[in-house]
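# output the structure for:
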Amino acid sequence: MGKHKDKSCWQPQNTGSAKNCSSAHPNMALLTTQFIVNGNNGLWKFPRTSSTPGNDSFLRRPSQQRRRIKETVMSTTVSNGIDDKPISTEVPFTEGKLDRPRWSGDTPISRLVAAMIDIKPLYNLMKLGARQVLISTAEKNGIAWRDMAREILESEVYKEMELIENPSVVYPDYYLKPFHAYEKGNLSWEAAAEVEAATMSMMSRAMPSAASLEEATRVIRGNWLQTIEDHHTKNSGGLVIADILDVGCSVGLSTRYLADKFPLANVVGLDLSPYFLAVGQYKEKKRPLREKPIKWMHANGEATDLPSASFDIVSSSFVMHECPETAINGLLKEAYRVLRPGGTVALTDNSPKSKILQNLPPVLFTLMKSTEPHLDEYYLLDMEKTMVEIGFINVRSVLTDPRHRTVTASVPKL
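Numbers count the residues shown, from 1 in each chain. The predicted structure follows:
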């Protein structure tokens, strides 16, 4: 396959790539992390409490116990860039008691985790442990992680790379570092092949009360899309949704949902990884042809080279927590530039106020932080204030599932 030899690094019989493995058994990563964070409490067992991501105990509950209880949560609306006006919104989810998780920012427990990550041998074990947790819990929940990845890696997806890669793209330094337990981060076939399974696993962890993965996905995606539509209808001044830009579209899962929700719009999926885009384009070609085909674009979301005021909606799903603060600012400024007056930006991502995230057991948040180097910057950033400073108005944040918030805002109308 020429330059795509790195696909051979994928090992279906091993939960970690050869580059991340040592002669030790993979479980050693979990045991080591548990020992340091929790003390020697015996063999590590994956938590199965109702508030813990990754549990599947809901599958064993009577149906009447799986009903979601509607609770009132507070969302923030900034109507004019000056006044913060809290409003109550009835949704099926409730926030935690803190502004952000205790394990984020400059706290003793956060410093401890950072010190552990700085120890290279331990960091390598933690990465391997995080990967093992992701794959094993996904497969326990009926997600065929290895089979799904194998199907991509043994397909003709490599041909799409030649059609979609933009050789003039310059990658920012942060994007070239190890990420999500992949040595090459998002610039690898292994990462691209596993995105969909990883996303499905995330969906099931985010909705521990859902009766199935399908229900979890329907709620998470449905609430996100409805929040976008509601915000745009209320604040755009009648601006028709004709052009949508999905920034950080990955393998196109969110892009397809946007295209399905707004079938008359021209939808562009933009990402920095040509590997992800190749998978997205490959999978889209296997679907029935759309009246408005999705366009895929290999570019940096901070500097797209797209015309100013050319989109009605700019969406970004599960991207911001993966970026340093400087990149978040760059992405928001570029979104502001390419949106038409009255246009809507929508960011769905981890909520600092999520009860699930605030209650993560130490072993899990330690493993998560070992593969997410910019989490502290994300949780410490006042996203709503940052958006107002850039020029957005009507900024509103709402918990759209137990783990994620969707922040929407508008470009002022002329």
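# gap between residue 120 and residue 126?
Using Cβ to Cβ, to the nearest Å, residue 120 is found at 11 Å from residue 126. Just so you know, the C-beta spots here come from the backbone N, C-alpha and C atoms, and that holds for glycine as well.
# out of the two, which sits in the more crowded spot?
In this view residue 120 and residue 126 are compared by other Cβ atoms under 10 Å, and residue 126 has more residues nearby, 27 against 8.
# the residue nearest to the more buried one when sequence neighbours are not counted: what's it in contact with?
Spatial nearest neighbour of residue 126, chain neighbours left out: residue 370 (3.8 Å); criterion: Cβ to Cβ, 6 or more residues apart in numbering. Contacts here follow Cβ atoms under 8 Å, 6 or more residues apart in numbering; on that basis residue 370 touches 116, 117, 123, 126, 127, 129, 130, 181.
# if we go to 6 Å?
Applying Cβ atoms under 6 Å, 6 or more residues apart in numbering, we find residue 370 in contact with 117, 126, 127, 130.
# residue 221 now?
Applying Cβ under 6 Å, 6+ apart, the residues contacting residue 221 are residue 257.
# against residue 179, how distant is it?
Going from residue 221 to residue 179 by Cβ to Cβ gives 24 Å.
# quick revisit: got the CA positions of the strand or helix carrying the residue nearest to residue 126 in PDB?
Following DSSP states H and E, the helix or strand that holds residue 370 is helix 362-371. Extracted C-alpha coordinates of helix 362-371, given in PDB (Å, rounded to 0.1, in the frame of the first residue of the first chain):
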ATOM      1  CA  PRO A 362     -10.100   8.100  40.300                       C
ATOM      2  CA  VAL A 363      -8.800   5.200  38.200                       C
ATOM      3  CA  LEU A 364     -11.100   6.200  35.300                       C
ATOM      4  CA  PHE A 365     -10.300  10.000  35.300                       C
ATOM      5  CA  THR A 366      -6.600   9.200  35.600                       C
ATOM      6  CA  LEU A 367      -6.700   6.900  32.600                       C
ATOM      7  CA  MET A 368      -8.800   9.500  30.700                       C
ATOM      8  CA  LYS A 369      -6.400  12.300  31.400                       C
ATOM      9  CA  SER A 370      -3.500  10.200  30.200                       C
ATOM     10  CA  THR A 371      -4.900  10.200  26.700                       C
END
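# average pLDDT for that helix?
For helix 362-371, mean pLDDT is 80.
# show me what the helix or strand following that helix is in contact with.
Once the chain leaves helix 362-371, the next helix or strand it forms, by DSSP H and E, is helix 375-380. Contacts to helix 375-380, defined as Cβ under 6 Å, 6+ apart, come from residues 100, 104, 105, 321, 324, 325, 352, 369.
# same question for stretch 253-270.
By Cβ under 6 Å, 6+ apart, the residues outside stretch 253-270 that reach it are 199, 221, 225, 241-247, 249, 252, 292, 294-297, 299, 317.
# now, the residues you listed that are in helices?
In this view, those that belong to helices under DSSP state H are 199, 221, 225.
# ok, the residues you listed vs residue 209, which is closest?
residue 221 (16.4 Å; Cβ to Cβ).
# these two touch, right, residue 345 and residue 335?
Yes. Counting by Cβ atoms under 6 Å, residue 345 does reach residue 335; the two are 4.8 Å apart.
# identify the contacts common to those two.
Shared contacts of residue 345 and residue 335, defined by Cβ under 6 Å, 6+ apart, are found at residue 314.
# ok, which stretches of the protein are helices?
27-38, 108-117, 120-140, 145-153, 158-164, 189-206, 213-235, 253-261, 274-285, 325-338, 355-358, 362-371, 375-380, 383-390.
# thank you, goodbye.
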